[in-house]
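A.B. asks: Task: produce atomic coordinates for the following.
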Amino acid sequence: MTLDQLRIFVAVAEAEHVTRAAAGLGITQSAASAAIAALEGRHGVALFHRLGRGIRLSEEGRIFLAEARAVLARAEAAAAVLHDLGTLERGSLTVQASQTIAGYWLPRHLVALRRRHPGLAVRLTIGNTAQVARAVEDGAADLGFVEGEVDAPALDRHEVARDRLVIVVAPDHPWATTEMPVTPADLLQTSWVLREPGSGTRSEFERALTGFGLDPAALAVALELPSNESVRAAVETGAGATALSASVAAGALEAGLLCAVGPALPDRAFHLLRHRDRHQSRAAQALTALVLGE
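C.D. replies: Predicted coordinates:
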């Protein structure tokens, strides 16, 4: 049976008249009669008593009427859900971002999205650049945001912002007190505290080292830590030097807990990742348009 057949049956049952029901639905009397006949014939049940020119529900028809109304109500509810999803009155969005972006850049955009579409449920998880790219590839995240290089042919990348890495040390580090500028060659002469391999911050720093003609493997890495905050805290206590996003280091620099030293590192891009072939929900499209300024 079809939803149209159910709608016609309910209309005829309520009007107790085929012609009036057909007129109310905007169809012909013959079309309404054919729909009722199709239901009865397919299931071998008489839904109505034909009494002269009038009709009345049979006992079977009364039982079926409750079920038909319930099905139509569920169909209307399903249509309402599609409408809400299409207009972003409801829906969900799963986003994964690398730590720097998740902690310092993305939140204001998610807040702006929720202000525009209060019915959206947004879930943000954090991973390093490699983990974010894998989540978008696997469909575990609708969108990803990373600061590192990504080699994933299935993903589209769109630059959404730019960031700057700075080399920082504690105030009592020799580089903070020397009058001589810190050169690229000097970078091999101290201990380093770095994020784990796979993080965007580390990969961009290592790319900068290569640009200076240095081998990243030659760095004396004393500690590898899993978060920007733990790296910053370790360097504040004198564990060595590190390269951090200027956004991450800003508070500690202003408070005098860290000192920025040379050489200057290149800017880096923040990128939006989305799967090339997967369907993008209206919620994902809305956040994409927001961060791209479309």
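A.B. asks: Neighbours of the closest residue to residue 61 other than its chain neighbours, how many?
C.D. replies: In space, and not counting its chain neighbours, residue 61 is closest to residue 47: 3.9 Å by CB to CB, 6 or more residues apart in numbering. Bear in mind the C-beta positions are built from the backbone N, C-alpha and C, glycine included. A count of neighbours around residue 47, defined by other CB atoms under 10 Å, yields 23.
A.B. asks: just use 489 as the starting number from now, easier for me
C.D. replies: Sounds good: first residue 489 from here, last item residue 535.
A.B. asks: confidence score at residue 535?
C.D. replies: As summarised for this prediction, residue 535 has a pLDDT of 95.
A.B. asks: Please apply the same query to residue 530.
C.D. replies: In this prediction residue 530 is given a pLDDT of 92.
A.B. asks: So which residues make contact with the one helix or strand it maps to?
C.D. replies: Using DSSP states H and E, residue 530 sits in helix 517-531. With contacts defined as CB atoms under 8 Å, 6 or more residues apart in numbering, helix 517-531 is touched by 489, 492-493, 496-497, 499-500, 506-507, 509-510, 513, 533-536.
A.B. asks: Quick check: most distant residue from the centroid of this protein.
C.D. replies: residue 540 (62.6 Å; CA atoms, centre = their mean).
A.B. asks: next structured bit after the host helix or strand of residue 582?
C.D. replies: Per DSSP H and E, residue 582 falls inside strand 579-585. Following strand 579-585 in sequence order, the next helix or strand is helix 587-588 (DSSP H and E).
A.B. asks: Give the rounded mean pLDDT of that next one.
C.D. replies: 88.
A.B. asks: and the direction of whatever helix or strand comes next after that helix versus that of strand 579-585, what angle?
C.D. replies: The helix or strand immediately downstream of helix 587-588 is helix 595-604, counting by DSSP H and E. Here the directions of helix 595-604 and strand 579-585 differ by 180 degrees (axes from the mean of the first three to the mean of the last three CA atoms, to 10 degrees).
A.B. asks: Pull the residues that contact helix 595-604.
C.D. replies: 576, 581, 583, 608, 610, 612, 774-775, 778-779.
A.B. asks: Greatest separation within these: which pair is it?
C.D. replies: Based on CB to CB, the longest span within the contacts of helix 595-604 runs between 576 and 612 and measures 17.7 Å.
A.B. asks: and the two? which has more neighbours close in?
C.D. replies: Each of residue 576 and residue 612 has its neighbours counted (other CB under 10 Å); residue 576 has more, 19 against 16.
A.B. asks: tell me the pLDDT at the closest residue to that one other than its chain neighbours?
C.D. replies: Distance criterion CB to CB, 6+ apart; nearest residue to residue 576, sequence neighbours excluded, is residue 605 at 4.3 Å. Residue 605 carries a pLDDT score of 92 in this model.
A.B. asks: Quick check, the residue nearest to residue 549 in contact with residue 543.
C.D. replies: No. Checked against CB atoms under 8 Å, the pair residue 535 and residue 543 is beyond contact range at 9.2 Å.
A.B. asks: Which residue ranges of this protein form helices?
C.D. replies: 491-503, 506-513, 517-531, 547-575, 587-588, 595-604, 617-626, 662-665, 688-699, 716-724, 734-742, 770-780 (DSSP state H).
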